[in-house]
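Peer 1: okay, structure incoming, though there's no sequence with it:
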């Protein structure tokens, strides 16, 4: 069973926007209305082959469809998000059996400026439409909230929103307000102090289209998790999390043609790209309520352990542990992520690569501690059990790294489970009830690992 693709999710949003606009001017039989609605029906029919319900809406200003987040939406998706927010509709749910007429009535109601969300619900019931319902019965992006009211997935979304807002301010020529970053850092640190593994799985959320945003949040999570694992105090955790989130902030001042180039950079382009570290440090040092040590970590995250990195003029500076931790986190997320110029590697392979760079690019002791934190089967690893089921490692075991927590996502017959289930590999006495027999390449199973952490 294949997953809903990001492209299909975006196409659905664009068609819905087009339909809402066209119903104002044309009747349902007009091609300008009927064609996008017909394609909408076809896309939904394919999606319902994978899902029993389709959820879409806006969270913290970001449009989502199931596990797909549109942090940098195109104009049509941004318009749909604005329409949802303007209507006071946080989300709505679509069900199998939806027809072209159902979608036409829904688009027509949405296009009316004189109708509220509550009135839309009443009107849908009056017409007898049961395939569209405003709201979501269960939280799509989140885990049940922790005792202090924090939900890890919601916190991840807040972090994405904070990074997007901060970068937008810089691109508009303003010194960014640190308020958004500091607020989300407080939440992330509170979660990490309670359990350093809480956020680890979310760092497996990868979005090629929004690489800079997701990478920044993931490096923030990995830096924070490692520091919490090492037992660092709260002040250090706040600073290291901030440094991870902002480590690539200088890329906002790099030419977009260079930043988004699909192939290898020329020597001149690479020299320009290298400036993002010092440009980032300059930005961070201009922000209020940010520890100067954060600016140092941003400046030195590519300096390398043996000081052969960049910026060259800063090689003799005394960079501390914070810089080294961000470098480890940056390396791990980068090599486990698909990018225009490189394929991703499996988590376990990534750790092997990092081990080989110990003492040169990365701090060897920190790499060892990072490996210890991630365990024998790092979070995000797909594994085959001795039951022939396929499972995803969702968190390292707190005491024994060879016995991680896993979520079974495919049955012994090779079919995806509609509702993945958590499985304990050992019984109460510590004896193995199920064992891992091999790791599995997610690409070979057509599995998007990140969606299981976003859901």
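Peer 2: Received the coordinates, thanks. On a predicted model such as this, the values are computed, not experimentally measured, just so you know. Numbering: from 1, shown residues only.
Peer 1: for residue 116, which non-adjacent residue is closest in space?
Peer 2: residue 88 (6.8 Å; C-beta to C-beta, 6 or more residues apart in numbering). Where you see a C-beta, it was placed from the backbone N, CA and C, and this is true even at glycine.
Peer 1: residues near that neighbour, how many?
Peer 2: 11 (other C-beta atoms under 10 Å).
Peer 1: neighbouring strands for the helix or strand containing residue 408, and are they parallel or not?
Peer 2: In the assignment (DSSP states H and E), residue 408 maps to strand 405-410. Next to strand 405-410 in the sheet, as set by DSSP bridges, lie strand 390-395 (antiparallel), strand 416-423 (antiparallel).
Peer 1: just those: most buried one?
Peer 2: Compared across the strands paired with strand 405-410, strand 390-395 shows the largest average neighbour count, a mean of 23 (mean count of other C-beta atoms under 10 Å).
Peer 1: chain center to that one, what's the gap?
Peer 2: Here the centre of strand 390-395 is set off from its chain's centre by 18 Å, with C-alpha atoms, centre = their mean, to the nearest Å.
Peer 1: average pLDDT across that strand?
Peer 2: Strand 390-395 shows a mean pLDDT of 88.
Peer 1: over to stretch 359-378?
Peer 2: What stretch 359-378 shows for mean pLDDT is 93.
Peer 1: equivalent analysis for stretch 182-197, please.
Peer 2: The average pLDDT within stretch 182-197 is 90.
Peer 1: now the helices for the stretch 101-250 of the chain?
Peer 2: Secondary structure of the stretch 101-250 of the chain by DSSP state H, counting those that start in this stretch: the helices cover 117-127, 152-171, 179-194, 211-229, 234-246.
Peer 1: among these, which is the most enclosed?
Peer 2: Mean neighbour counts for the helices of the stretch 101-250 of the chain (mean count of other C-beta under 10 Å) peak at helix 211-229, with a mean of 26.
Peer 1: now do it against helix 152-171, angle only.
Peer 2: 130 degrees (axes from the mean of the first three to the mean of the last three C-alpha atoms, to 10 degrees).
Peer 1: including distance to residue 28, could the strands paired with strand 405-410 go into a markdown table?
Peer 2: As requested, those are exported to a markdown table (distance: least, C-beta to C-beta, whole Å):
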| stretch | distance to residue 28 |
| --- | --- |
| strand 390-395 | 44 |
| strand 416-423 | 34 |
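Peer 1: quick check: pLDDT value at the residue nearest to the spatial centre of the chain.
Peer 2: The structure's the chain has its C-alpha centroid closest to residue 205; by C-alpha atoms, centre = their mean the separation is 3.9 Å. The model reports residue 205 with a pLDDT of 81.
Peer 1: for it, what are its contacts?
Peer 2: Residues near residue 205 by C-beta atoms under 8 Å, 6 or more residues apart in numbering: 156, 214, 218, 450, 453, 454.
Peer 1: in three-state terms, how would residue 24 be classified?
Peer 2: coil (DSSP: H, G, I helix; E, B strand; the rest coil).
Peer 1: gap between it and residue 114?
Peer 2: Note on residue 24: its distance to residue 114, by C-beta to C-beta, to the nearest Å, is 13 Å.
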